[in-house]
Structures are given as structure tokens and as C-alpha cells.
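> here is a sequence with its predicted model. Questions after.
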Number of protein chains: 2
Amino acid sequence: MTGPLFAGICDADVEKMLRCFNASTRHYGAGVDIPWLESRRRIGVLQMGRAELIRLDGEGNRTMLERLEQGDVFGEMLRPSVALESLSLQCTAPCEVLFIDGTDIIKRCERACVHHSALVDNLLGLIADKAVRLSERVEVLSCRSIRAKLMVYFQLLQVKQGGARIVVPMSLTELADYICVERSAMMRELKHMEQDGSIERARREIVLK
Amino acid sequence: MTGPLFAGICDADVEKMLRCFNASTRHYGAGVDIPWLESRRRIGVLQMGRAELIRLDGEGNRTMLERLEQGDVFGEMLRPSVALESLSLQCTAPCEVLFIDGTDIIKRCERACVHHSALVDNLLGLIADKAVRLSERVEVLSCRSIRAKLMVYFQLLQVKQGGARIVVPMSLTELADYICVERSAMMRELKHMEQDGSIERARREIVLK
DNA sequence: GGAATACTGTTGCAAATACAACAAATATGG
DNA sequence: CCATATTTGTTGTATTTGCAACAGTATTCC
């Protein structure tokens, strides 16, 4: 139970705080939907596992809006304000989720937890990270062509992985989803980029030129 | 000096806190670039005015990545981790910006400001809002066709403005930028949507069917 | 009030992309 | 280890979109 939300807080204190914040831990199997809109105040932190925020539109098209990894935060408070029924949060791996009441965090803790502010600071960091990830995706999606999308995404990876040789951290099928283009069109563009020497590639391993 | 960051804090205390947090206020004229990457710890809050985060790529294409309004937060901490040189934060109206040191906020204030936690909570809210705005934009940009992008955007507006009759809060030229498509192509699609009865429209006023 | 500037609106055409359908390679699960 | 599902890779064609160029209409600024 030492997720990123409780970094720097000892286990004994974490126990106390969980009671104080009216927290609860839930487990969900792969493929299950996490109920995430039960209350406006409820905030979820993905302590373990992986999940995807999925939009299903009228014609049955499935779009992955967001990919949640360990430490990610979600909840009504962080929901894009669109029609409820189309958005679901699906586990792609067994997940452990910690739910806490946002108002309990925001308001001054009456029992004056020593570590209240540490927790708020951690939460601030988690949400800031989320904002950064979203900004990065907007930066990718704002490109007009598939090639430009790929280049921006590869450059982001380059910074994170520290070198011209990068490994795409998901299947190419998922990558096409992430950058919101047709998979076959993306494959064709990757081929073009290889042909004109912009990149070298073997499966998910890519070297930028 | 009562921006959204200091909501619920009286002016006298705000004065004290500004000193405590080593804060400074700056003004920038329309068209000027706000220096926003000076230090990793520096956080800016747009107290008044409007600014845009602009990306200039190698071929000189100009893309608006983000539109900052009153209360928006920015800074190195919230920057998508890509090449520095291409991103600039341009004022589109005269701006007032409050800079504070993030570490001063995150760390326990030694002088024990009474309102420290109120400020952290406000900051949490501002960043959460930013995350929501970014999520909404991802939701729009993740659509494959211009028509789908417009429909999702209009639905968002419908929720916010509360009715089938909506008014686009920016010029159509800017809207095309926001959804990252060619303006003329967007105009053509709007015409098609009118023709098959999906919407009625007069300039920026739209009625959804 | 008039000139300059931005915004709205339109069209033909070229280019990029989605769609569909398939084959081969690789992982996965019993 | 075998069958099955998933991922990777390819190609032809129809559709969508971007680009360029233009005209008319509001808005801004002096």
C-alpha cells in the first residue's frame, strides 16, 4: 500500500490517514469496468495495473481517450464534460485502485494529520503529471499528417529514453490508436520514412536519423 | 491581486504570502512572449489576459497547442517534454502574470502561513481544471473526421452553455486551429451538416438537431 | 467616414488518408 | 506442442482533406 500517493509517508501513518480520508481499496480483474463517476468528490488513484478510458460513439466506434498507468489519477473532477454514457474505464490488466474523497483532502483535516500536506503535495504532483501527459498527446494529435504525428511522438520518446535508438512501448496497433490514425496508413508511412532514410526500423525498435 | 489562486484569502494575508513565496507580478503587452521556462521550479498563473502556447516547426508551420485564459497555470513543471526552442507563450491580450516558486509551495512554509494549505488547494484546483481542458481537447482531436470533431466540440459547448442553441466562443478561423483542420475544409463540412439537417447555423450561432 | 485589416464563405484540384481485404509472423494458452 | 488469437506487414481503391486562390462581409483604427 505504498503507492506514489503516499511517497515519503511511513506505513503506520498511511494506515491512520486512510481511515481519516475515508479511503477504500478495490481490486478489478482485466476486462472489468472501473466505476469512476459514482460521486463528484470521489478521486481514484491507480495503485497497480493498467486501464484505458474508452469512448464508444453512436456507430460503435471504439476510441481510446486515455491510457492510465500506475500512479494515474481519475475521477469525476477530472472528467471531460461530455455525455456520461459513452465513457468507460476498462482494466487491461488486474488493477488495484485507491478511492478517496476529494473534499476530505481539500478541506483541512480535523484530526490534523501530520502528513496531510505531504499527501496534498503528492496529489498535486500526480495531477501535474497527468496534465503533462495530456499536453504531450495534444502536441502529437495537433499535427496534420501521420508523418508529423509520428515524428513528434518519436522525439518525445527520444527525450524520455535518452538516445536516437528508441523502442515503442506498445504494439503498433495501439500506437495507431494513440495517434488516432488508421493502422495500415501508419504502416505505409513508416515504410516511406524508412525508404527516404528518416528512420531505420525493425518492428518496434526505431533509430532516428 | 485577488486572482483565482488566492480565492478565499483576505488581501492582507495575500500580501504576506506573496513575500513568503517569493512571488512577483509581471505585465506583458499583446504580442509579447512570456518567458516561462526560466527555471524548473517557477510556476506562472495568468491572473488577467489571454495567451497562447505556440509551436513553430522546422517548416515554419504555426500551431496553437494551448489557449490560456484567466486562472490558467503554466511552467516548466507542466511543459510537454519536447524540444525547447519551438515552444513560445505569446500574449494575445495584455497579460498580468504571477510567478511563484513551486518548491516554496510544495515544501512546508517555515513561517507557517495560516493559508498555505488554502493556496495549495487552489493550485490543485487550477491544475485539475487544466487537465480537464486538455482531456476535452484530446476528446475532440481523437476523432478521425472533421465532422466528428465538430460534433464532439459542439456537444461540449452544449453542456457548458446549457441548450441546443450554442455560440462558438471564438472566430471560425480560431476554431479550425483548435480542432487542427484546414479552415476551408471545416467550412465545407459545416455546409454539409447544414444541408443534411444536422445543424442550423448563422455565423457563430449554431442550433443542434 | 474611409482605409486597412481580419473574418466568413466558396470552389477546383491535388494529395493524403481511411477502408477493405488479405498473407505472414509471432505470442498465447491449454 | 499444437491450435488459436494477435500482431505485423502489404496493396488497391474510394473518400476525405489540404491547398490555393478568390470574393464578399464585418471590424478596427486613425
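Nice, thanks for sending it over. Numbers count the residues shown, from 1 in each chain, chains lettered A, B, ... in the order given.
> now the residue most central in space within chain A. Nearest residue, chain neighbours left out?
Central residue of chain A (CA atoms, centre = their mean): A:Leu68, 2.9 Å from the mean position. Nearest residue to A:Leu68, sequence neighbours excluded (CB to CB, 6 or more residues apart in numbering or on different chains): A:Ala51, at 4.5 Å. All C-beta spots, glycine's among them, are computed from the backbone N, C-alpha and C.
> for the record, mean pLDDT for stretch A:34-45?
Averaging pLDDT along stretch A:34-45 gives 81.
> quick one: is it near chain B?
No. Stretch A:34-45 lies out of reach of chain B by CB under 8 Å from any CB of the partner chain, never closer than 9.6 Å.
> about what we covered before: in the sheet, who's paired with the residue nearest to A:Leu68?
A:Leu68, A:Cys91 (DSSP bridges).
> what's around it, how many residues?
Look at A:Ala51: counted by other CB atoms under 10 Å in any protein chain shown, it has 27 neighbours.
> SS state for A:Phe154?
Per DSSP: H, G, I helix; E, B strand; the rest coil, the secondary structure class of A:Phe154 is helix.
> isn't it right up against A:Ile166?
Yes. Assessed by CB atoms under 8 Å, A:Phe154 is found in contact with A:Ile166 at 6.3 Å.
> who has more neighbours, these two?
More crowded of A:Phe154 and A:Ile166, by other CB under 10 Å: A:Ile166, with 22 against 19.
> now do the phi/psi pair for the residue nearest to that one when sequence neighbours are not counted.
Distance criterion CB to CB, 6+ apart; nearest residue to A:Ile166, sequence neighbours excluded, is A:Leu157 at 4.5 Å. Phi and psi for A:Leu157, reported as degrees, to the nearest 10, are phi -60, psi -40.
> since we're on A:Leu157, how many residues are nearby?
Around A:Leu157 there are 17 residues (other CB under 10 Å).
> what's the answer for A:Ser145, then?
A:Ser145: 10 neighbours (other CB under 10 Å).
> could you do A:Met17 as well?
A:Met17 has 24 nearby residues by other CB under 10 Å.
> that one: what secondary structure?
Per three-state DSSP, A:Met17 ends up helix.
> ok, it touching A:Asn122?
No. Contact criterion CB under 8 Å: A:Met17 and A:Asn122 do not qualify, at 11.2 Å.
> joint contacts of these two?
A:Phe6 (CB atoms under 8 Å, 6 or more residues apart in numbering or on different chains).
> against B:Cys143, how distant is the residue nearest to A:Ile166?
Separation of A:Leu157 from B:Cys143 (CB to CB, to the nearest Å) stands at 25 Å.
> one more: A:Thr103?
34 Å.
> more neighbours, these two?
Between A:Thr103 and B:Cys143, counted using other CB under 10 Å, the more crowded position is B:Cys143 (21 against 14).
> touching, the more buried one and B:Lys149? I think so.
Yes. The pair B:Cys143 / B:Lys149 is scored as a contact, 4.5 Å apart, by CB under 8 Å.
> show me the beta-bridge partners of A:Ala202.
A:Glu205.
> in contact with A:Leu175, which residues?
A:153, A:168, A:186.
> hmm, the helix or strand where A:Val159 lies touching DNA strand D?
Using DSSP states H and E, A:Val159 falls within helix A:146-161. No. Helix A:146-161 is not in contact with DNA strand D by CB under 7 Å from any atom of the strand; minimum separation 10.0 Å.
> outside of that helix, which residues touch it?
Contacts of helix A:146-161 (CB under 8 Å, 6+ apart): A:136, A:139-141, A:143, A:164, A:166-169, A:175, A:178-179, A:181, A:185-186, A:189-190, A:192-193, A:198-199, A:206, A:208, B:57, B:80-83.
> drop anything exposed from the residues you listed.
Buried subset of those (neighbour count, 16 or more other CB atoms under 10 Å in any protein chain shown): A:136, A:139-141, A:143, A:166, A:168, A:175, A:178-179, A:181, A:186, A:189-190, A:193, A:198-199, A:206, A:208, B:80, B:82.
> from these, which land in helices?
Here DSSP state H is the test, and the buried ones among the contacts of helix A:146-161 give A:136, A:139-141, A:175, A:178, A:186, A:189-190, A:193 as lying in helices.
> just for chain A, where's the confidence low?
A:1-3, A:58-60, A:81-85, A:104-115, A:117 (pLDDT under 70).
> kindly report the residues of it close to DNA strand C.
A:144-147, A:180-182, A:184-186, A:188-189.
> all strands of chain A, in order?
For chain A, the strands defined by DSSP state E cover A:24-28, A:42-48, A:51-56, A:62-68, A:73-75, A:87-91, A:95-101, A:165-167, A:199-202, A:205-208.
> stretch A:80-99 and DNA strand D in contact?
No. Stretch A:80-99 lies apart from DNA strand D when judged by CB under 7 Å from any atom of the strand; the minimum separation is 9.7 Å.
> which residues does the closest residue to A:Ser171 other than its chain neighbours contact?
Nearest non-adjacent residue to A:Ser171, counting by CB to CB, 6+ apart: A:Arg204, 7.7 Å away. Residues in contact with A:Arg204 (CB under 8 Å, 6+ apart) are A:167-168, A:171-172.
> how about A:Leu5?
A:45, A:47, A:71, A:98, A:119, A:122-123, A:126.
> thought A:Arg26 was touching A:Phe99, still the case?
Yes. Judged on CB under 8 Å, A:Phe99 makes contact with A:Arg26 at a distance of 6.7 Å.
> pop the domain breakdown of chain A in here.
Segmentation of chain A into domains, based on automatic domain parsing, reads A:4-132, A:143-208.
> out of those, which one sits most buried?
domain A:4-132 (a mean of 17; mean count of other CB atoms under 10 Å in any protein chain shown).
> so how far is it from its chain's centroid?
11 Å (CA atoms, centre = their mean, to the nearest Å).
> figure out the length between the terminal residues of it.
17 Å (CA to CA, to the nearest Å).
> please apply the same query to stretch A:35-52.
Start-to-end, stretch A:35-52 (CA to CA) is 13 Å.
> tell me if that stretch is near DNA strand D.
No. Counting by CB under 7 Å from any atom of the strand, DNA strand D has no neighbours in stretch A:35-52; the shortest distance is 12.3 Å.
> A:Arg78 contacts A:Leu126, correct?
Arg isn't right for residue A:78; it's Leu. No. If you go by CB under 8 Å, A:Leu78 and A:Leu126 don't touch, sitting 10.4 Å apart.
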